[in-house]
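Enquirer: The following block contains a protein sequence and its predicted model.
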Amino acid sequence: MDVLDNCKVNAISHITGGGFIENIPRALNEGQGVEIIESLLPKNPIFALLERLGEIDHMEMYNIFNMGVGMVLIVDKEEGNKALELLSKYGYNPRTIGTVTNSNKVEII
């Protein structure tokens, strides 16, 4: 709540069953998309194991699983550091994982 009270949060997306591909666009305006930088995401070995043993396409993993990201807050670039500081204060491990684009799709690079 501290972030909501002290930062302009444009959108929030809970990353669950629809993964990145379905859930993030629901939080965006028409014509917007996101570019997620894969190297900035948390690395949980269970996802690599599931991908390998289940023979799941790498990009499909992002449509099925949350890949270790439970929630995405979309804030203006100027608010990013403030939001990260506030979340860290409460014991979370927040990180910037990408940017909003005008691409109308979710791209994982």
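Expert: Sure thing, it's come through. Computed from a prediction, not measured in an experiment: that's the story for all the values here. Numbers count the residues shown, from 1 in each chain.

Enquirer: Okay, and the beta partners of the spatially most central residue of the chain?
Expert: Nearest to the mean C-alpha position of the chain, counting by Cα atoms, centre = their mean, stands Val72 at 4.4 Å. Legend: beta-bridge partners of Val72 under DSSP bridges are Ser13.

Enquirer: so Glu30, which of the three states?
Expert: Secondary structure assignment for Glu30 (DSSP: H, G, I helix; E, B strand; the rest coil): coil.

Enquirer: Need phi/psi at it.
Expert: phi -50, psi 130 (degrees, to the nearest 10).

Enquirer: That one - how many residues pack around it?
Expert: Number of residues near Glu30 (other Cβ atoms under 10 Å) recorded here: 6. Glycine gets a C-beta too; all of them are placed from N, C-alpha and C.

Enquirer: do the same with Glu55
Expert: Glu55 has 7 nearby residues by other Cβ under 10 Å.

Enquirer: what's the answer for Gly91, then?
Expert: Counted with other Cβ under 10 Å, the neighbours of Gly91 add up to 6.

Enquirer: Contacts only, for it.
Expert: By Cβ atoms under 8 Å, 6 or more residues apart in numbering, Gly91 lies in contact with nothing.

Enquirer: Which residues does stretch 95-102 contact?
Expert: With Cβ under 8 Å, 6+ apart, stretch 95-102 has contacts from 28, 31-37, 40-42, 69, 72, 74, 77, 80, 84, 107.

Enquirer: what about the strands in the chain?
Expert: Applying DSSP state E to the chain gives strands spanning 9-14, 33-36, 71-75, 98-101, 106-108.
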